[in-house]
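[1] Based on what follows, work out the 3D shape:
(3 chains)
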Amino acid sequence: MGLVESGKMPKPLTSLLNTARKYSLWAYQWGLACCAIEMGAAFASPRYDVMRLGVIPLPASPRQADVVVISGTVTDKMVPSIKRLYEQMADPKYVISMGSCTNCGGPYWDSYSVTKGIDQVLPVDVYIPGCPPRPEALLEGIVLLQQRIGREDMADRWRGDPLVVQ
Amino acid sequence: MAEATDTAAEEAQAPRDEEREALLAEMTEALGDAVVGSHVAPGRGLWLRVTRDAWYDAVETVKLRFGFTFFDFLSGIDWMPSPWGRYEDAAVDTGIPRPDPDAPIETGVAGGDTRFQVFCRLADVRRPAPHRNVVLKADLPDDDLRIRSIVPLFAGANWHERECWEMFGITFDGHPGLRHLYLPSEFEGHPLRKDFPLLARLVKPWPGIVDVEPMPDEAAPGDGDTAGGDA
Amino acid sequence: MTALTERQQLAYVDAQAADARVNVELETDEGMILNLGPQHPATHGTLRVTAKLDGEQVVWADVVPGYMHRGYEKLTEVRTYPQVTTLINRIDWLGSFANEVPFILAAEQLMEIEAPPRARCIRTILFEMARIANLVIFLGDLGVQLGAVTPTFYAFRDREHVLDQIEAVTGGRFHPNFDRIGGLKDDLPKGWIADTKAVMARIRSFCDEMEDLLFGNEIFEARTRGVGVIPAEVALAYGLSGANLRASGVDWDLRRDGGISGLAHDEVDWKVWTHPDGDSFARCWVRLQETREATHIVDQLCDGLPSGPIMAKVPRVIKVPPGEAYVETENPLGAMGYYLVSKGDLGPFRVKIRSASFSNISVVPWVLKGVYVPDIITILASLYFILGDIDR
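    Modelled structure (predicted):
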């Protein structure tokens, strides 16, 4: 671990570690609305089968998860729970925002009870558009996240300010 | 008998619905003075408007005497025209004039005198008797938005009344616990009242019902107030 | 290790405390309050159930809905009629097409338009396919609630075929937005009927599989028989509808008794299933039979599909004449209706949405009294709800 802290991680080792990380993502599902069913189709259906991308769905708790897929309409009443969920996850952690509602409010952009975008509360790594996005779109989002993890500099990740949610 | 039944006068030539009219006559007789308005839409439904004081008794009579044991729903309605219109800011949408806020309030079928009404629908689902149903309405005076709760008659009215209280600010006397149902407890206002603004629409004008976004090379149609993105 | 900042430490302590507060609240003298949700796998959705326990038994239970409240009733007031169907698709998101039908029928009633016979039939086919898409998930999910994961995979496998067929007609897997005032957007594509009948045969074999896997299983029987009994009077007073009501022995189905002219259920031969017991098992069993029955309805309608136009004559700009109408149909979750108030405008003046799950779940505090903790899960699963349908 000393290598990572000092920021002197050799490049080959970084890419080795990143490869290991990106193909063993544990995805916590924060399924809220319609998109949750498409997420279920991507995660549980034999046709889409997310596990072939090295993603393990259904961890028992957010503490075991590397990535959370927030799918569905986020309401103002729900936001505190989502924040708490995010705080419980161990670093390094990633957020996929699935569907128009989570991205920006979607069809409920003018509603009095819907949060217009989860990125007001959490840092989002990948946005997946659609209402709801097809399961294939979620798979692509996961591939994009894996590419992002693959390019990450471990030292930056270590030294960078940890994300504290206000 | 009812004082203002608009059925007969209104639709002389329309198809008649004998079954519902017979039911209406029976109910009007059973409820007596409580009925202040009624409406039969042939083949579609029966509406009865009762006084606020007789609300509980009317529901009780319809349930026990007529056997309408299925509680369908209860809700409220705000008849005031919305002061915000339909948030049609774009020129293309102004074909329809904005409602005049000072105009007298128009109410729906079976009449009404006040801004707020409570209505509920009960049904009789026994077989082989035919499926019958009725919508009961009651007016609420603006300065005293309260009505007796019907939870003792229909336990299922509990959530419906809580929702109505939250959305319209109508108090139900005798309700076992008027708490917020949907919204967080710190929420202010009653969203389904017509004067509750949708803030998202106020700060960002609706660009228009039809797509009038000009093409990149084209000049904007009209005098420029059609595009709504810049406000 | 780098030292934690003070703020981080505080955040950590805060999170720990919040955790302890939320998951299980221990009250030393009066028993314990168990909190399920708002996000909990057992509640399949963001429903929150709080139960006060005495040992393993529930003393009282309360339901906190509203985590998915999206304000449909308010939003419909600022949408035009064609825009409203886009929105209401998303109420019961498993059987989306079925949400559009009652609203469209209510608008048609006020405009005094009737859809042509072919449109009625295709509407009914899609309506029943939405039911199948919905109930297949119920049957799969049922296993998960009892600790059997396999049925979910089967359900998602076979549901995909139904969705493919819906997508072939409407272009949308989930939210078709296909129903129009006066008919349908489009006709069926070529070869669709043969494919659909093959899919219906698949769904029937899926139902057989589920019956073998679950309904004959003694663990399943032990956990559902006699659990969560709802007598007919209670069910009626709470406004339960759909399979939940029929499982309590009330023979009432709006497809048969509702007198709805916009759907073609009266043209086919089918049966309303009821069960006298009113327990969790009865509710599951009725839904299983209904899934099968729906496939037969689709088959028969596919065979006798009339030819002709799919759209009645409708004005270009839709304005609904002033008036009030209420239309209720038998949706996958139960009776769903729209109380539509129009003032002759481009959009509705007020829409009251009567959604089935809202009433179905309002019985939960009553039915959970005195049950054991594991039964909470099976009862909630057997009452079957979709969060969007409760919270709207």
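[2] Centre of the chain to the longest helix seen in chain C, how far?
    Ordering each helix of chain C by length in residues (DSSP state H) puts helix C:117-145 first. Averaging C-alpha positions (Cα atoms, centre = their mean, to the nearest Å) puts helix C:117-145 10 Å from its chain's average.
[3] where does the chain dip in pLDDT?
    Answering for chain A, as no chain was given. A:1-5, A:7, A:155-166 (pLDDT under 70).
[4] look at chain C instead
    In chain C (pLDDT under 70), the answer is C:1-30, C:39-45.
[5] so who does C:I353 touch?
    With contact taken as Cβ atoms under 8 Å, 6 or more residues apart in numbering or on different chains, C:I353 is in contact with C:Y72, C:E73, C:I88, C:I91, C:M336, C:G337, C:Y338, C:Y339, C:R392. C-beta: built from backbone N, CA, C; applies to glycine.
[6] now do 6 Å
    Counting by Cβ atoms under 6 Å, 6 or more residues apart in numbering or on different chains, C:I353 touches C:Y72, C:Y338, C:R392.
[7] returning to that earlier point: who are the packing partners of the helix or strand just after the longest helix of chain C?
    Counting by DSSP states H and E, the element after helix C:117-145 in chain order, helix or strand, is helix C:150-170. With contacts taken as 3 or more Cβ pairs under 6 Å, 6 or more residues apart in numbering or on different chains; DSSP states H and E, helix C:150-170 sits against helix A:34-44, helix C:117-145, helix C:192-210.
[8] Double-check that C:W60 belongs to a strand.
    Yes: per DSSP: H, G, I helix; E, B strand; the rest coil, C:W60 lies within a strand segment.
[9] how about the helices of chain B, start to end?
    Ranges of helices in chain B, per DSSP H, are B:7-10, B:18-31, B:55-64, B:157-168, B:199-203.
[10] follow-up on the earlier one: which of the helices and strands packed on helix C:150-170 has the highest mean neighbour count?
    Across the helices and strands packed on helix C:150-170, averaging neighbours per residue (mean count of other Cβ atoms under 10 Å in any protein chain shown) puts helix A:34-44 on top, at a mean of 26.
[11] what does it rub up against?
    A:29, A:31, A:48, A:50, A:57, A:69, A:71-72, A:98-99, A:132, A:135, A:138, C:90, C:93, C:152, C:156.
[12] ok, 8 Å please
    A:27, A:29, A:31, A:47-48, A:50, A:57-58, A:69, A:71-72, A:98-99, A:101-102, A:131-136, A:138-139, C:45, C:90, C:93-94, C:137, C:152-153, C:156, C:159-160, C:173-175, C:388.
[13] The helix or strand following it: which residues count as buried?
    Next helix or strand after helix A:34-44 toward the C-terminus (DSSP H and E): strand A:55-57. For strand A:55-57, a neighbour-count test (16 or more other Cβ atoms under 10 Å in any protein chain shown) marks A:V55, A:P57 as buried.
[14] so what's C:I376 up against?
    By Cβ under 8 Å, 6+ apart, the contact set of C:I376 is C:L36, C:A42, C:V49, C:A51, C:V58, C:A61, C:L368.
[15] Among these, which one has the most neighbours?
    The most crowded member of the contacts of C:I376, judged by other Cβ atoms under 10 Å in any protein chain shown, is C:V49 (25 neighbours).
[16] which one is that residue nearest to, not counting chain neighbours?
    Closest residue to C:V49 apart from its sequence neighbours, by Cβ to Cβ, 6 or more residues apart in numbering or on different chains: C:L36 at 4.5 Å.
[17] same thing with C:F97?
    Per Cβ to Cβ, 6+ apart, closest to C:F97 is C:A130, 4.2 Å.
[18] Please name the residues that touch that neighbour.
    C:L94, C:G95, C:S96, C:F97, C:A98, C:I166, C:P332.
[19] and the spatially most central residue of chain C, backbone torsions?
    Ranked by distance to the mean C-alpha position of chain C (Cα atoms, centre = their mean), the top residue is C:L333 at 3.6 Å. The phi/psi pair for C:L333 (degrees, to the nearest 10) reads phi -90, psi -10.
[20] right, and it touches C:D92 too?
    Yes: at 5.8 Å, C:L333 counts as touching C:D92 under the criterion of Cβ atoms under 8 Å.
[21] which residues do the two both contact?
    Listed contacts common to C:L333 and C:D92 are C:N134, C:S355, C:A356, C:S357, C:I386, C:D389; contacts here mean Cβ under 8 Å, 6+ apart.
[22] Show me what from chain B comes close to chain A.
    B:Y182, B:L183, B:P184, B:F187, B:P191, B:F196, B:L198, B:L199, B:A200, B:R201 (Cβ under 8 Å from any Cβ of the partner chain).
[23] Go through the residues you listed and flag which are in strands.
    The strands, defined by DSSP state E, take in nothing from the residues of chain B next to chain A.
[24] which of the contacts of C:A130 has the most neighbours?
    Busiest of those [other Cβ under 10 Å] is C:P332, holding 30 neighbours.
[25] Flag every buried residue along the helix or strand hosting C:T291.
    Assigned by DSSP H and E, C:T291 belongs to helix C:280-303. Neighbour counts over helix C:280-303 (16+ other Cβ under 10 Å) mark C:280-302 as buried.
[26] now do stretch B:163-170
    B:E163, B:C164, B:W165, B:E166, B:M167, B:F168, B:I170.
[27] Show the average pLDDT along it.
    For stretch B:163-170, mean pLDDT is 90.
[28] now stretch B:32-47
    pLDDT averaged over stretch B:32-47 gives 83.
[29] Quick check, B:S82 in contact with B:R201.
    No: the pair B:S82 and B:R201 fails to qualify as a contact (Cβ under 8 Å) at a distance of 11.1 Å.
[30] which of those two has more neighbours?
    B:S82 (20 against 17).
[31] before we move on, the earlier item: can you list which of the contacts of C:A130 are found in helices?
    The helices, defined by DSSP H, take in C:S96, C:F97, C:A98, C:I166 from these.
[32] contacting residues for the residue of chain B found nearest chain A?
    Per Cβ to the nearest Cβ, B:A200 is where chain B lies closest to chain A, at 4.1 Å. Applying Cβ under 8 Å, 6+ apart to B:A200 gives the contacts A:G105, A:W109, A:D110, A:S111, A:K116.
[33] neighbours around C:S241, how many?
    C:S241: 31 neighbours (other Cβ under 10 Å).
[34] can I assume it sits in a helix?
    No: counting by three-state DSSP, C:S241 is not part of a helix but coil.
[35] what's the lengthiest strand in chain A packed up against?
    Ranked by number of residues, the top strand in chain A under DSSP E is strand A:25-31. If you count contacts as 3 or more Cβ pairs under 8 Å, 6 or more residues apart in numbering or on different chains; DSSP states H and E, strand A:25-31 packs onto helix A:34-44, strand A:55-57, strand A:67-71, helix A:79-88, helix A:135-150.
[36] Dump these to JSON lines, plus distance to B:W47.
    As requested, the helices and strands packed on strand A:25-31 are exported to JSON lines (distance: least, Cβ to Cβ, whole Å):
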{"stretch": "helix A:34-44", "distance to B:W47": "35"}
{"stretch": "strand A:55-57", "distance to B:W47": "51"}
{"stretch": "strand A:67-71", "distance to B:W47": "42"}
{"stretch": "helix A:79-88", "distance to B:W47": "41"}
{"stretch": "helix A:135-150", "distance to B:W47": "47"}
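[37] If you tally nearby residues, what's the number for residue 100?
    In the absence of a named chain, chain A is used. 22.
[38] Can you look at chain C instead?
    26.
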